[in-house]
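Q: structure here, sequence nowhere to be found:
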């Protein structure tokens, strides 16, 4: 069984788009439409989620778009809702460098400009939350998760792909981690 947790507008868009394509889920799919700033665990439970059963969580490409305290609350809540043996996958960005926020904003603005030239303006720098935050990997380890992972730089090398150029986002240092609770 797969539970999809996302904002109601995003869920509605994805559901309509997939239906228009005739796409059918390959597994039992239950939607829990909720904003992470609200009581999303209640939405999961209403959809039938059982926290007594081991769960596989995926929170990729999300943490940087949450304020630092909301990131920690999310990871705390995921841990509270996880039975021993649960699995998790997420990204773990290195701690911000001093004055790194300006480089990050500039890089995100450059990426957004490429999209804007094609008629879509995501305004990525405005969506991102800045400031000191816990690095997800060590934070999760402190909550009892046993993690393994690799940086983007390492993954590219293993795949025989060229390394990333310096883009101000330190993407090569982002570590994708996965692990088990308890």
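A: On my side now, so go ahead. Please read all numbers here as calculations on a predicted model, not as lab measurements.

Q: low-confidence regions, this protein specifically.
A: Along the chain, the parts satisfying pLDDT under 70 run over 95-99, 166-170.

Q: so what's residue 181 up against?
A: Counting by CB atoms under 8 Å, 6 or more residues apart in numbering, residue 181 touches 79, 82-88, 144-146. From N, CA and C alone the C-beta is placed, and that goes for glycine too.

Q: give me that answer again for 6 Å
A: If you count contacts by CB atoms under 6 Å, 6 or more residues apart in numbering, residue 181 has them with 82, 84, 86, 144-145.

Q: ramachandran coordinates for it?
A: phi -90, psi 130 (degrees, to the nearest 10).

Q: residue 12 - how many residues pack around it?
A: Around residue 12 sit 13 other residues, with neighbours defined as other CB atoms under 10 Å.

Q: tell me the secondary structure for it?
A: Of the three states, residue 12 takes helix under DSSP: H, G, I helix; E, B strand; the rest coil.

Q: from residue 127, how far out is it?
A: Counting by CB to CB, to the nearest Å, the gap from residue 12 to residue 127 is 20 Å.

Q: from the chain's centre, how far out does the longest helix seen in the chain sit?
A: Of all the segments of type helix in the chain, defined by DSSP state H, the longest one is helix 100-116. Averaging C-alpha positions (CA atoms, centre = their mean, to the nearest Å) puts helix 100-116 19 Å from its chain's average.

Q: residue 7 - how many residues pack around it?
A: 15.
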